[in-house]
Every structure is written in C-alpha cells, then in structure tokens.
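[1] Let me see the structure of the following:
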Amino acid sequence: MPDSHRRPTGTTPDPTHRRAPARVLIALLLVLAGVLTMVQPAAAAPRKARSSYPRAIEPLARYQPQTMCSPRAKPGVSDLAARLLRAYPGTRSLGIVRACAAGGRSEHKEGRAFDWGGLRASRAADRAKVQNFATWLFATDRHGNKRAMARRLGIQYVIWNKRIWGSYAASSGWRRYTGANPHTDHVHISFTWAGANKRTSFWTGKVGNVAAAPKPPPRSVSIPKPRPQPVAPATLPSGLPVTDEIVNLPANAAGGRIMTGALVADQPYLIEASGTFTYARNAKADAECSRTAADSTWRRDRSVHRLDPVSDHLDLYVDGVDLLAQADSGYRCDTTNHVYRWMYTPRRSGRVTFKIWDPTTLRDNAGSLTMRVIKSAPADTLSWSVSSRAGAGRMSPGALEAGETYLATVTGVVDTGGAVLSDAECTATTRDSVWRRQRSVVDGDDFDVLVDRRDVTGEPASQPDPDERCDPITHSYSWVLRPQETRPVNVRVDDPSPRDNSGSLLVQIVRQPRIEGTEQLDVDTSDPAGATTARVYPAGQTMLVRVSGTYAIAPGVTADAECSVTGSDQTWRSSRPELAGTSGQPLGDLTVNGQLPDWTPVSGSYRCDRVEHTYRLRWTPQTTGPLVLAVVDERHTDNAGTLSVTIEPAG
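    Here you go, the predicted structure:
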C-alpha cells in the first residue's frame, strides 16, 4: 500500500505512516528516547548548501499533512535526496512522488517526501550510514542551536526501523512506530512546504516560515460521507448446520449475501474466497487486495475514500468481522488466482452474512466474490475431484485431524497441454508414450501433485517398470499424510499455466487405524513364504519389530536374523562371502515385505548380537496390509529352526 500519513488525535500530533511498499528510511530509529547509541561511523555527511550559517534559525516545524494533489518533486526534496546519494554510495532513491489516486494520505502526493533506499536495518554497515546522517541532522551547531540541520531543512518527521522522530514532538525523541510498513528497508523523510520549496535557511541563509502552507483549492462539489464499515446484526437467523457451502457475493449487493446453512459457535471453519470485482473505473479488488488505474500494484491495504484516508477498505467481512485471510500464493496478495483462505471460529451460532466494504458507492461495482465455507471437523474418509485447470487447487470437503495418520490416493490422468498427459507422478507425450517419473516438461519441472503447496512422492498401485516407478495401468498413487493441525487439506496439479489443461484427478484420503498391543509369530526358516502377520498394518504408522533366535541355514552354518557363524569360523559376522547367492546378494538375513533392512543388535557390538541373537527394527509400511517376514535363501529345504518375531507400535 502507498505511504499514508494522518494526524491522529491526542495531545501530540503524530503522523502515522500506513502500509507502504518496501523503501528505505533513516537508521535513526535504532535508538530509544532520542539517544543514539551507535559509535559514530567514519563516513562523509551530506554536503551543506552554504559554507556558514547565521545564529538565526527556524523553529521546530509543526506537522503539515497532505491537503492537495501536487505530484511533482519539490526542489528542496530533490536536492537533499541527491546530496544523500552522493554522501552514501550504494544507497538509492525509492522515489519522491506518488500518484494521487493511490490510497491513503501521504506527503509523497505533494512531492515533499523522500524514500531513501538501498538500506537494510539488519545490516550493520547500513545502520552506520543512517546513524551518520542522523548525527549530522540532529547535531547542535556552533551557535548552540539544537537539531540545527533538521530545523534549517524544514524536516517535519523521519521514520526508520520501527521508530519515528517528529519535529512537532522533538522532546519525546525517537518513539515507537506501529504503522503497517516497519521501514526496515528504507528511510522516509517528510518536509514542510517551506523546506520542500528551498525557502529555509539551509538554502538561503535566511530564516524561512516553516509554518506557511498553501491552501488547497476549493472543491466544486461536495463529497458524500463514506458508507459505514459492515457490522454484525443484533441476532442471526437459525438454520441447519453447514458442512460445505458455496456463497456467491455480487460486488454491488448492498445487503451482502446470507448463508443458507448456519455456523456453530466455537466450531472452526475454513473460508476460501476467490474472484475479483471492479469498484471504480479501471480499479479492481479481490477479497484482500486492490489496484487502481494509477497504481497497478496490488496492495493489501488501501483507503478509497477522501474523508476516510486511514481505513482499510474493500475487504471481505463475515458477520461484521474483517477476514484476515492468507493468500494462496503465500505472499500478501494473490495476483494470479486471487484466492484467499482463513480459519474462522464464529462467536455465535446462526446464518451469517458476507459483505464487501466499499465506502464510496456500490453503483459502479461489477463482478463478484465466491466463498466456500467448510466445516473443519475431522473425517475418517474424504473423497473429492480436483480440476487440472484450478490453479489454486481444491480443498477437501472436511478436515484431517492433527497427529493422525492418513493414506492419500490420487487416481486419474489429465491433459496438461502441449501434447503431454500426466497423472499424479508421471507423464507421457506424443513423442514418447512411455510413462516416466523424471521428465522435464515445463520450466525444468515435472507435472506433480502438490498437497498444501508441498510436493509429495506417491507410490504406484501397480509397477510393471520398477525403474520408472509409474502406474501406466490404473494411474493410482498413494502416500502417507500426518497433519500438524486440524484443518482441510488442499490438493492441486503443479502447473504454472493451467488454463490449457483438461481433466481432473480423484483424491481419496482414509484415516489409518491405530495399532495397539503386540503381535507374535514364528518364522519357519525352511518355508520360502516365511510368515504373514494376522494383523493389517496401516501405511505410515511406525512399528517396532524384534526378532530372536538362531537356525541352521546350511550344513555346519548357523545364522540369526542378521549374522552367521561356521564350523571353521566361530566369529559371528554380518557379511560372509561363502553365503552369498548367485546374484551376489547375502543369504540368511530376515526380510520384511521383501525388503532387506539393517537390523540393530540389542546387545553386543558392531552388527551382530553374539549373546542373545536379538535384533530390533523401526519399520514404517508404505502401503496398508499385513507384514510378510522371510529369510533370504536360494535353497530353503536344508534349513532348520524358527525365528521368533514380535511387532508393536513404536513409542
């Protein structure tokens, strides 16, 4: 939002600098109570306009707010800006003038404020530059005049690093600044009219009238009072509790739109708002941000009424509450899809109304916003369709519960344009019909499925080609979700240009049951099939597997789950060349679901438990189903003995 300054109520005038795009101001604010604690840096100060100055000097200036539109850089502002840039190499100008149509009040619109950039409050070197300028600006001159250069220049206030100094409140020194823009990347310097026009002693050597200001031109027409901010009605009509509802809100609806279903007090809901509307000629807004004909940058906070220059207008309200929604893009404004989301917990039950706060008039509004209200209650099973054209994806019709384990499955094929077909993990093209997981198709990236904007790695339901790990048959992939908070989940196709896409994917999410207690089974080492658990173990839930015992794997050779010993070599070893199979794979180890894990000995050192022959393993299944445990051997008929296995949930 452009810089905005107003004179708040109270005993001391205090301009409030509202919502500005990042620009740089003065590193003065590092000091509290007007005391600059940094060591004076060895740097050149801005060059004075005159070789000497008389004893006579301007008084501390009063605050002169913006009263007119005069977007032309004033000479005193331009001259001091040039002196600062020469004195402090590496800094830069972030501008003097701002369009009058930009929201909020600001001396930038009168050409008498400078944003000094190229500075970072987090960098010591930049803080030193601002400190050096501040020392020069507020130093006592040889005549005993305090804050001499600030008075001679006609400076009315400076903002830097969450602090503000005002000439009208100079006795208070540097004060805390709470505007929307913390000014940690630029210094804002505002001038009186006399200083801005070079009519002060810094330039002329004669005391200027820092209280003089031009009168704003008379207005030929009266300005209607702003329409009031939406407020909550005294009571809410009742209705059936909402689970998942879509609400369409025309931008010109004076009464807003009331929901069909009712919200329940203290029950969280996810509200997703999308769309744009026009609120004036060539001016557009969405649920949180807006732009004007003169200022094409989308800004989150903007005042659009002259009589109310400090409010944040054009936002979406529900039951009189301004929705502080987060942009889908992750930035302050979503300039691509114009989608915003907010977890909202109502204070009372009933059918609530959505409204847009346009303080001017609704007659010139066009377009609408679409709200989706989802009850954020945990569900065991969720199923929904995600269009490949939806840049912001689609939210689940219910919530996942924090701390629980879920198995998510995405099925289907979409056309992503450019002769490319994609499922949740793999792609195929007209030139190469083989489904491949690693294929760069756009901007060096694959087409993948994102969950809450994070890439996930799904495992194929069928896998005829292990090298590619693709499912060209059912195009179904699964992965495990463990949410950190209870709320709906978002799924989308990762495509920066989804408009040429077609088709959709089916998403299914199932809560995995918690396993409690211990299961025991014996593995017959002479059976190639091994042993299968009676329980079904859910994907994603980590289990602790323990195995004990020894068995005969060959004449004169004894083994356990990880190591072996022979008649000629009585040392238990985890690797034994004479037990390697024809493929080079070691024989005798215990596998889980066909995979050869690294078992950890319970006692002993290195890889083998030579005393108890007991090993443990933390195992997290990738798919839901029973566990199969078997020993690796090319000939099981000469084996004898069993291994005892226990399985329990990991702590």
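[2] Downstream of the worst-scoring helix or strand of the chain on mean pLDDT, the next helix or strand is which one?
    Ranking every helix and strand in the chain by mean pLDDT, DSSP states H and E puts strand 459-460 at the bottom, with a mean of 88. Later in the chain than strand 459-460, the nearest helix or strand by DSSP states H and E is strand 476-481.
[3] List of residues touching that following strand?
    The contact list for strand 476-481 (C-beta atoms under 8 Å, 6 or more residues apart in numbering) reads 400, 405-411, 423-425, 449, 451, 456-462, 471, 489, 509, 512, 539-540, 620, 622-623. For every residue, glycine as well, the C-beta is placed using N, CA and C.
[4] quick one on the thing from earlier: I'd like the distance from the least confident helix or strand of the chain to the chain centre, please.
    Between the centre of strand 459-460 and the centre of its chain there are 29 Å (C-alpha atoms, centre = their mean, to the nearest Å).
[5] list the helices and strands that strand packs on?
    In terms of contacts (3 or more C-beta pairs under 8 Å, 6 or more residues apart in numbering; DSSP states H and E), strand 459-460 is packed against strand 476-481.
[6] Buried residues, the strand it packs on. List them.
    Judged by neighbour count (16 or more other C-beta atoms under 10 Å), strand 476-481 contains these buried residues: 476-481.
[7] would you say residue 202 is within a strand?
    No: Residue 202 sits outside any strand when classified using DSSP: H, G, I helix; E, B strand; the rest coil, being helix.
[8] Quick check, pLDDT for the residue nearest to it when sequence neighbours are not counted.
    With C-beta to C-beta, 6 or more residues apart in numbering as the criterion, residue 202 has its nearest non-adjacent residue at 3.9 Å, and that residue is residue 152. Note on residue 152: pLDDT of 96.
[9] residues making contact with the helix or strand hosting residue 152?
    Residue 152 is part of helix 148-153 when elements are defined by DSSP H and E. Residues external to helix 148-153 that are found in contact with it (C-beta under 8 Å, 6+ apart): 53, 57-61, 76, 80, 136-141, 145, 167, 191, 195, 200-202, 210.
[10] starting at the chain centroid, how far to the helix or strand sitting right after that helix along the chain?
    Note on helix 148-153: by DSSP H and E, the next helix or strand toward the C-terminus is strand 155-160. Remark: strand 155-160 is offset 32 Å from the chain centroid, using C-alpha atoms, centre = their mean.
[11] what packs against whichever helix or strand comes after strand 155-160?
    Remark: after strand 155-160, the chain's next helix or strand is strand 163-166, criterion DSSP H and E. On a contact count with 3+ C-beta pairs under 8 Å, 6+ apart, strand 163-166 meets strand 155-160, strand 175-176.
[12] partners of the shortest one in the sheet?
    Taking DSSP bridges as the criterion, strand 175-176 sits next to strand 163-166 (antiparallel) in its sheet.
[13] Which of the residues in the strand it pairs with are classified as buried?
    163-166.
[14] Same question for stretch 516-530.
    So for stretch 516-530, counting by 16+ other C-beta under 10 Å, buried means 519, 521, 523-526, 530.
[15] again, but for stretch 390-401
    Residues of stretch 390-401 classed as buried under the neighbour-count rule (16+ other C-beta under 10 Å) are 390-396, 398-401.
[16] now stretch 612-621
    Those would be 613-617, 619, 621, for stretch 612-621 by 16+ other C-beta under 10 Å.
[17] As TSV, the buried residues of stretch 516-530 with secondary structure, distance to residue 373 and pLDDT would be great.
    Listed next are those as TSV, based on DSSP: H, G, I helix; E, B strand; the rest coil; distance: C-beta to C-beta, whole Å; pLDDT from 0 to 100:
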residue	secondary structure	distance to residue 373	pLDDT
519	strand	44	96
521	strand	49	96
523	strand	53	97
524	strand	57	96
525	coil	59	96
526	coil	62	95
530	coil	52	95
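[18] just curious, which of these is nearest to residue 290?
    residue 519 (60.5 Å; C-beta to C-beta).
[19] Quick check: that closest one touching residue 535?
    Yes: contact criterion C-beta atoms under 8 Å: residue 519 and residue 535 qualify, at 5.3 Å.
[20] Check the contact lists of the two and give me the overlap.
    With C-beta under 8 Å, 6+ apart, residue 519 and residue 535 have common neighbours residue 647.
[21] Mark which of the contacts of strand 476-481 are buried, thanks.
    400, 405-411, 423-425, 449, 451, 456, 458-460, 471, 489, 509, 512, 539-540.
[22] Please enumerate the helices of the protein.
    For the chain, applying DSSP state H gives helices covering 75-87, 124-138, 148-153, 193-196, 201-204.
[23] in the second one, what counts as buried?
    In this case it means helix 124-138. So, applying 16+ other C-beta under 10 Å, buried residues of helix 124-138: 126-138.
[24] In PDB, list the C-alpha atoms belonging to that helix.
    C-alpha atoms of helix 124-138 as PDB (Å, rounded to 0.1, in the frame of the first residue of the first chain):
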ATOM      1  CA  ALA A 124      25.500  -3.100  10.500                       C
ATOM      2  CA  ALA A 125      27.000  -1.100   7.600                       C
ATOM      3  CA  ASP A 126      23.600   0.300   6.600                       C
ATOM      4  CA  ARG A 127      22.700   1.200  10.200                       C
ATOM      5  CA  ALA A 128      26.000   3.000  10.400                       C
ATOM      6  CA  LYS A 129      25.100   5.100   7.300                       C
ATOM      7  CA  VAL A 130      21.800   6.100   8.700                       C
ATOM      8  CA  GLN A 131      23.400   6.800  12.100                       C
ATOM      9  CA  ASN A 132      25.900   9.100  10.400                       C
ATOM     10  CA  PHE A 133      23.100  11.000   8.700                       C
ATOM     11  CA  ALA A 134      21.100  11.200  11.900                       C
ATOM     12  CA  THR A 135      24.100  12.600  13.900                       C
ATOM     13  CA  TRP A 136      24.600  15.300  11.200                       C
ATOM     14  CA  LEU A 137      20.800  16.100  11.100                       C
ATOM     15  CA  PHE A 138      20.300  16.500  14.800                       C
END
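[25] All set now, cheers.
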